[in-house]
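>>> Quick one: sequence and predicted model below, then my questions.
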Amino acid sequence: MSYFKHHVFFCCNQRPAGETCCNNHQASALQTYAKERTAALGLKGKGSVRINKAGCLGRCDDGPVLVVYPDNVWYTYVDQEDIDEIIDRHLVGGHIVDRLRLPEDAA
């Protein structure tokens, strides 16, 4: 059994001006939002959910991106509503959010 039921990594990479990167799309702010929202829902800690910042995850052209482990599901998102949907449907409900899921073959 994994220490966390779900471990979520947000790409928060910041590249030089003019280069594509997830942090140009509010990745750090939305990572903080996800961390606060999961804590408010009582999902924080051992046996539950861990929300982390990551450096470049190698998919900035698909971004912004996050990945949910151990499910190995990659998502893109635009705003808090998308993050809420990932939290509510995937992390709480156990259902992948197909409209936000990135194709596996793009990985």
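Everything's here; your move. From a predicted model like this one, the values you see are computed outputs, not experimental measurements.
>>> how close does the closest residue to His25 other than its chain neighbours sit to Cys22?
Distances taken as CB to CB, 6 or more residues apart in numbering place Pro64 nearest to His25, at 4.1 Å, with adjacent residues excluded. In this view, the C-beta of every residue, glycine as well, is placed from N, C-alpha and C. Note on Pro64: its distance to Cys22, by CB to CB, to the nearest Å, is 4 Å.
>>> quick one, which of those two is more surrounded?
Taking Pro64 and Cys22 together and counting by other CB atoms under 10 Å, Cys22 has the greater number of neighbours (29 against 26).
>>> before we move on, the earlier item: do you know how far the residue nearest to His25 is from Ile96?
18 Å.
>>> Repeat that for Ala39.
Shown here: Ala39 relative to Ile96, a distance of 23 Å by CB to CB.
>>> Next, the contact list for Ile51, please.
The neighbours of Ile51, taking CB atoms under 8 Å, 6 or more residues apart in numbering as the test, are 8, 10, 31, 34-35, 38.
>>> try 6 Å this time
The neighbours of Ile51, taking CB atoms under 6 Å, 6 or more residues apart in numbering as the test, are 8, 34-35, 38.
>>> Of those, which is the nearest to Glu85?
Proximity to Glu85 was ranked across the contacts of Ile51 by CB to CB; first place goes to Ala34, at 11.4 Å.
>>> Could you give the number of residues near the closest one?
Using other CB under 10 Å, Ala34 is surrounded by 23 other residues.
>>> pretty sure it contacts Glu85?
No - at 11.4 Å, Ala34 and Glu85 do not qualify as touching, with contact defined as CB atoms under 6 Å.
>>> The residue sitting nearest the centre point of the chain: what secondary structure?
Averaging the C-alpha coordinates of the chain gives a centre point, and the residue nearest to it by CA atoms, centre = their mean is Leu66 (3.1 Å). Going by DSSP: H, G, I helix; E, B strand; the rest coil, the secondary structure assigned to Leu66 is strand.
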